[in-house]
Each structure stands twice: as structure tokens, then as C-alpha cells.
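Asker: for reference, the sequence and a predicted model appear below.
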Amino acid sequence: MRTIPPEYRAHHEVVVSDAMTVDFEDRDDPRLGRLHPVYATYWMTKHMELVSRKIILPFLEQGEEGIGHEVSVTHRASALPGMRLILTARFLGCEENHVWAACRAVNELGDVVGTGTTTQVIMPHERLDQGFERLSRRWAAHLAAARPRRSEQT
């Protein structure tokens, strides 16, 4: 990876939609269904990971890829559907193949909706693909072992 300049920043804009509000999708328990009509922490986490990825993209070398490793988010204020949010990631530093960024989400009223940090790990794309292939083979073997055999079905 090429050197990322100190204090390098990336931005991402999003308009909060109804789909981005708090809904734990459990229809059996009303306490875990659609709860609050505001921007959900899990959506903010996704958006902070997205804006942090924009930090590394211009600096990846041929054959390199980044993968999320850690996200820490603090939800500080609400944002309603229809509100525009600006998410900013600021490069904090890197050590070996780990890249850290500080994140902020601010609504169009100027409220800091959230703050956080992310860590991404940079590695050869080929290594990531090999890891995904190994996991796919393990998963397929697990599913095959869990399937009832013909003799067990009769």
C-alpha cells in the first residue's frame, strides 16, 4: 500500500430512509420489531465502514485489497428519515497492514449523530480469495454432513 498522507479525509453523503430506521425484524415479539423512527446504529456502523474504505481505495496497490476488521461506534444524536447526513473518515495511522480511521456522522442541522473508529486490514487479494474458498469448502462439507442419508430417511 502506498503511503496515506497524514490527516487524509474521505466523505460520504446519505439521506436517511425509512429502511434505515430501527427495525429488528422479529415479528413474533413486538419489542423486537419496528421500534424507533430514527437512523439505526447498525446503519451508521455500515456507513462508517463505507466511508473508511474510501480512505484506503486511492492508496491500494495492484493486487491488494482491504477488509474490515473492527468498528466502534457511539450513537450521539438522532436523525430522521429525509435528513441528509455527511459522514467523514479521517486517517489516523497505520501499522504493518492495519489502517485506522476516525469517523463522524453529522446531520444537516449540525448535530453530531455519531462518532467512531474503524480498522481495516490490507492484504493480497489472492489471500482473501483463498480464505473465502476454504470457508466455502468447509461450509459445503458441513451442510453435506448435516443432510440425512437415504437410509436414515426410510
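Answerer: Done, it's in. Numbers count the residues shown, from 1 in each chain.

Asker: please identify the buried residues of the helix ranked longest in the chain?
Answerer: Secondary structure of the chain read by DSSP state H shows that its longest helix is helix 125-146. Residues of helix 125-146 include none that count as buried (16 or more other CB atoms under 10 Å). Using the backbone N, CA and C atoms, a C-beta is placed for each residue, glycine as well.

Asker: what packs against that helix?
Answerer: strand 64-75 (3 or more CB pairs under 8 Å, 6 or more residues apart in numbering; DSSP states H and E).

Asker: ok, then the element right after the strand it packs on?
Answerer: strand 84-95 (DSSP states H and E).

Asker: what stretches of this protein score poorly on pLDDT?
Answerer: Applying pLDDT under 70 to the chain picks out residues 23-27, 29-36, 149-154.

Asker: any idea how far the longest helix of the chain is from the chain center?
Answerer: 22 Å (CA atoms, centre = their mean, to the nearest Å).

Asker: and what of stretch 56-76?
Answerer: That offset, for stretch 56-76, works out to 9 Å (CA atoms, centre = their mean).

Asker: thanks again, I'm all set now.
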